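Engineer: sequence first, predicted model second:
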Amino acid sequence: MLTFFRSHWLVVTICLVYTLIATGAAYYFASSATHENQAAFLKVAEELKTAKGTLEKSNMEAAKTKEALAKEKVLNADLKKMLATTEQERESLHRSLETMTLAATKATKPQAAKTKTLPVVTSTACPEKNSAAEKDIKNQLQALQAFQADVYKRDSELRERQKQLDEALTKLAEEKRKLERERAEYRWPHNGNQSTK
């Protein structure tokens, strides 16, 4: 054995050197691959973290959008009810005004007919009756004019209220469009992908 080592010591030494070099290279490549795998794992973990964050944000935005849409539906229903009630009030006011004008015209026609058919007599009771009837007609006309002014006033108030309700509806529609636009622009995980690139 010693003679073999003595005669082939150069070959054995070269083999040992090559074995050591191969072992060192294998260790180097294995350690570098391990470091690369660790870096890739950390990168993947960071991407997962950002993806979770964007998912949570998108879930929060979706919840906010749903809540805003529910509120908008309730407000739209309330506004529609208010508009219907204002329209009904306006119609009832117009009908009552028409009935009052018809009643006033019917009341003035018999009085005028009575005044025409009354004979001109020199009695003292007729002028008193005529003046009383004229006062009654004047009172009815004044009441009708006051009622008509009140109807016009309430009509203008209802128009103003309807205008405010229309403005509120347009504002709600604009907010809804804005929320839908933001929701359409916010798609996950495009932020995460852009950051990783």
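Structural biologist: Looks like it arrived, so ask away. Numbers count the residues shown, from 1 in each chain.

Engineer: I figured Arg90 was touching Glu157, is that so?
Structural biologist: No: in this structure Arg90 lies outside contact range of Glu157 using CB atoms under 8 Å: 10.2 Å. Backbone N, C-alpha and C define where each C-beta goes, glycine included.

Engineer: which of these two has more neighbours?
Structural biologist: Set side by side, Arg90 and Glu157 show unequal neighbour counts under other CB atoms under 10 Å, the larger going to Arg90 at 16 against 12.

Engineer: list the contacts for that one?
Structural biologist: Listed by CB atoms under 8 Å, 6 or more residues apart in numbering, the contact partners of Arg90 are Asp155, Leu158.

Engineer: what helix or strand is it on?
Structural biologist: Using DSSP states H and E, Arg90 falls within helix 9-117.

Engineer: quick one: that helix to chain centroid distance?
Structural biologist: 11 Å (CA atoms, centre = their mean, to the nearest Å).

Engineer: do stretch 136-153 as well
Structural biologist: Taking the mean C-alpha point of stretch 136-153 and that of its whole chain, the gap between them comes to 44 Å (CA atoms, centre = their mean).

Engineer: buried ones in that stretch?
Structural biologist: Gln140, Leu144, Phe147, Val151 (16 or more other CB atoms under 10 Å).

Engineer: state the mean pLDDT of it.
Structural biologist: Mean pLDDT, stretch 136-153: 79.

Engineer: for that stretch, output the C-alpha coordinates as PDB.
Structural biologist: Provided in PDB are the C-alpha atoms of stretch 136-153 (Å, rounded to 0.1, in the frame of the first residue of the first chain):
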ATOM      1  CA  ASP A 136    -122.100  89.300   1.300                       C
ATOM      2  CA  ILE A 137    -120.800  89.100  -2.300                       C
ATOM      3  CA  LYS A 138    -117.900  91.300  -1.500                       C
ATOM      4  CA  ASN A 139    -117.100  89.200   1.600                       C
ATOM      5  CA  GLN A 140    -117.200  86.100  -0.500                       C
ATOM      6  CA  LEU A 141    -115.000  87.600  -3.200                       C
ATOM      7  CA  GLN A 142    -112.500  88.800  -0.600                       C
ATOM      8  CA  ALA A 143    -112.400  85.400   1.000                       C
ATOM      9  CA  LEU A 144    -112.000  83.800  -2.500                       C
ATOM     10  CA  GLN A 145    -109.200  86.200  -3.300                       C
ATOM     11  CA  ALA A 146    -107.500  85.500   0.000                       C
ATOM     12  CA  PHE A 147    -107.800  81.800  -0.600                       C
ATOM     13  CA  GLN A 148    -106.500  82.200  -4.200                       C
ATOM     14  CA  ALA A 149    -103.500  84.100  -2.900                       C
ATOM     15  CA  ASP A 150    -102.900  81.400  -0.300                       C
ATOM     16  CA  VAL A 151    -103.100  78.700  -3.000                       C
ATOM     17  CA  TYR A 152    -100.600  80.600  -5.200                       C
ATOM     18  CA  LYS A 153     -98.300  81.000  -2.200                       C
END
